[in-house]
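A.B. asks: pasted the sequence and its predicted model underneath.
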Amino acid sequence: MPIFEAKSVLKGIHVKEIMRRQVVRLRVDAPLDRCIQHMIKFKVNAVLVVDEKNLPLGIVSKTDLVSAFYAGLPLETAVENIMVGPLRFCFPDDALEASLDTMQQNRIHRLFVRGAQAQEVIGVLAFPDIVGLIYRYCRTCSRNLLKLSGRGPAEASLLQVKDVMTPGVASNRKSDSLQAVIETLTAHRVGAVLILDAGETPAGVVSKTDVILAFRRGLEITSEAGAVMTGPVLTCDAEDVLTDAIQRMIFQDVQRLFVAAGAASDMVGVLSLSDAVRFRSGSCRACTSSRLMA
Amino acid sequence: MIARDIMQKTYHTLSPQQSVAEAVKAFQTASGMEKKKVFGLMVTDEKDHLVGMLSMYDILLFIHPKHIHVWGEMEDVDLSEFYEGRMERVKSVRVEDIMTPEVVTIRPDTHLMVIADIMIKKHIRRLPVVEGKEVVGIVYISDVFYHMLSKFTA
């Protein structure tokens, strides 16, 4: 039986070329309060939990902290109580594609990278970090250069936001409680909820980051979503070229854009950095077609 | 020679509840008043107890987009528009969220040699001087350096 190997932009790249060497870690006895502070300060979605000998024990993600808030745990609780395991690892010389497969099979968004010494963690490979790599590849791709010079394929061959976005938008009212917002976040397995005002127009966004920040500020779970939401809502159009949307996410330092179709208040989906990676191909159809031919 | 002899007794502080934008303003004000560039400020609570330290690095890390490293080779993109409105969107973040909470401190009677040693080994450029729980001054690496310099050139 012939073996078909998918051709993608990421082929031939190893974990060591893309992993982050800065691993944000906390001791098991650190309070949740400190964990939230680290996530905001270092802009990470999860923190590695280690014992007093610096050996890895588990992981605490923003999702875990949102759940802790929902469950009414105090901020002084040690991370030990909410950390999850077992940890999944990869090695610096592993193929990036294989590591991405591991992440998708286990439905996780990061792998820790093991060094030469047993138990030692030397880096972290996070799903959204890979988008930069794909983007860089497309920038230097001959097709893209043709496009820039105006002699290349028409815009039609470029991928659009609607091709890779996650359709559907989870939303809550401004007057809803944080409790309701957390329920929406969990039910839809999303990182952020669109907040609508009384007139059904988007007023802001409450992300998991906003929820854990509210937790840190000592807000009650009954507080209104309107009190913690951030605005304005960053949007792109379903017809926008994917690369332009990715560029906006990278520069504006956000993990997602809400996708509008036609009228500005009509949201049809969400484009996250992870969506762009899940596609794994570059940002135009050149890669998709070559993949079919492989 | 001890910390008390070389420390600066006037210093500027931030409150943990200030926004990042307010902290940036405080850096500007402090630099103006001191007539030198200020690279880090102490964060104290209402009882004057030290709760952290906010350095220029912390603020830069926060303002700097996380995935921007891929942009190094791309000179044709106009960066100015991307910083627009950034402070507005992150106004919920406060000094206490991005400061360094574990601060190395010294006492007024800490010896100069020990101070220099901490600064060199831990790559610290400013050390708050704490008596009991209260901040009484700050020693900058330049204070240590110029003091030593005067000893060697005298």
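C.D. replies: Cool, got the structure. Quick caveat, the model's predicted, so the values are computed rather than measured.
A.B. asks: is residue B:42 located within a strand, as I assumed?
C.D. replies: Yes - counting by DSSP: H, G, I helix; E, B strand; the rest coil, residue B:42 is found in a strand.
A.B. asks: can you tell me which residues in the stretch 151-294 of chain A are near chain B?
C.D. replies: Residues of the stretch 151-294 of chain A lying near chain B by Cβ under 8 Å from any Cβ of the partner chain: A:210, A:213, A:216, A:228, A:230-232, A:247-253, A:273. C-beta: built from backbone N, CA, C; applies to glycine.
A.B. asks: what about the strands in the chain?
C.D. replies: Chain wasn't specified; assuming chain A. Taking DSSP state E as the criterion, chain A carries its strands at A:25-27, A:46-50, A:56-61, A:89-90, A:110-114, A:121-126, A:166-167, A:171-173, A:192-196, A:202-207, A:235-237, A:256-260, A:267-272.
A.B. asks: not what I meant, chain B
C.D. replies: For chain B, the strands defined by DSSP E occupy B:13-14, B:40-44, B:50-55, B:126-131, B:134-140.
A.B. asks: which one of the residues of the stretch 151-294 of chain A next to chain B has the most neighbours?
C.D. replies: Most neighbours among these, by other Cβ atoms under 10 Å in any protein chain shown: residue A:273, with 24 neighbours.
A.B. asks: show me the shaky parts of chain B.
C.D. replies: Applying pLDDT under 70 to chain B flags the ranges B:70-85, B:154.
A.B. asks: which residues in it form helices?
C.D. replies: If DSSP state H is used as the criterion, the helices of chain B fall at B:3-6, B:20-34, B:56-63, B:86-89, B:95-98, B:112-122, B:141-153.
A.B. asks: would you mind finding the most buried of those helices?
C.D. replies: helix B:95-98 (a mean of 22; mean count of other Cβ atoms under 10 Å in any protein chain shown).
A.B. asks: other SSEs contacting that one?
C.D. replies: helix A:32-42, helix B:20-34, strand B:50-55, helix B:56-63 (3 or more Cβ pairs under 8 Å, 6 or more residues apart in numbering or on different chains; DSSP states H and E).
A.B. asks: before we move on, back to that, put together a markdown table for the strands of chain A, with distance to residue A:80 on each row.
C.D. replies: What follows is the strands of chain A, written out as a markdown table (distance: least, Cβ to Cβ, whole Å):
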| stretch | distance to residue A:80 |
| --- | --- |
| strand A:25-27 | 9 |
| strand A:46-50 | 7 |
| strand A:56-61 | 8 |
| strand A:89-90 | 20 |
| strand A:110-114 | 18 |
| strand A:121-126 | 18 |
| strand A:166-167 | 34 |
| strand A:171-173 | 32 |
| strand A:192-196 | 28 |
| strand A:202-207 | 26 |
| strand A:235-237 | 40 |
| strand A:256-260 | 31 |
| strand A:267-272 | 30 |
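A.B. asks: which residues touch residue A:49?
C.D. replies: Residue A:49 makes contacts with A:25, A:26, A:27, A:28, A:56, A:57, A:58, A:59, A:60, A:79, A:80, A:83, as judged by Cβ atoms under 8 Å, 6 or more residues apart in numbering or on different chains.
A.B. asks: from these, pick the one nearest residue A:41.
C.D. replies: residue A:26 (11.9 Å; Cβ to Cβ).
A.B. asks: neighbours of the closest one, how many?
C.D. replies: Residues near residue A:26, counting by other Cβ under 10 Å: 21.
A.B. asks: quick revisit: CSV for the strands of chain A, including mean pLDDT and distance to residue B:115?
C.D. replies: Formatted as CSV, these follow (pLDDT from 0 to 100; distance: least, Cβ to Cβ, whole Å):
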stretch, mean pLDDT, distance to residue B:115
strand A:25-27, 95, 28
strand A:46-50, 96, 31
strand A:56-61, 95, 36
strand A:89-90, 94, 42
strand A:110-114, 94, 38
strand A:121-126, 94, 33
strand A:166-167, 90, 55
strand A:171-173, 94, 54
strand A:192-196, 94, 47
strand A:202-207, 93, 43
strand A:235-237, 91, 53
strand A:256-260, 93, 47
strand A:267-272, 91, 48
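A.B. asks: how about the strands of chain B in TSV, adding distance to chain A and mean neighbour count?
C.D. replies: Below are the strands of chain B laid out as TSV (distance: least, Cβ to the nearest Cβ, whole Å; neighbours: other Cβ atoms under 10 Å in any protein chain shown):
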stretch	distance to chain A	mean neighbour count
strand B:13-14	15	20
strand B:40-44	12	21
strand B:50-55	10	21
strand B:126-131	19	22
strand B:134-140	21	20
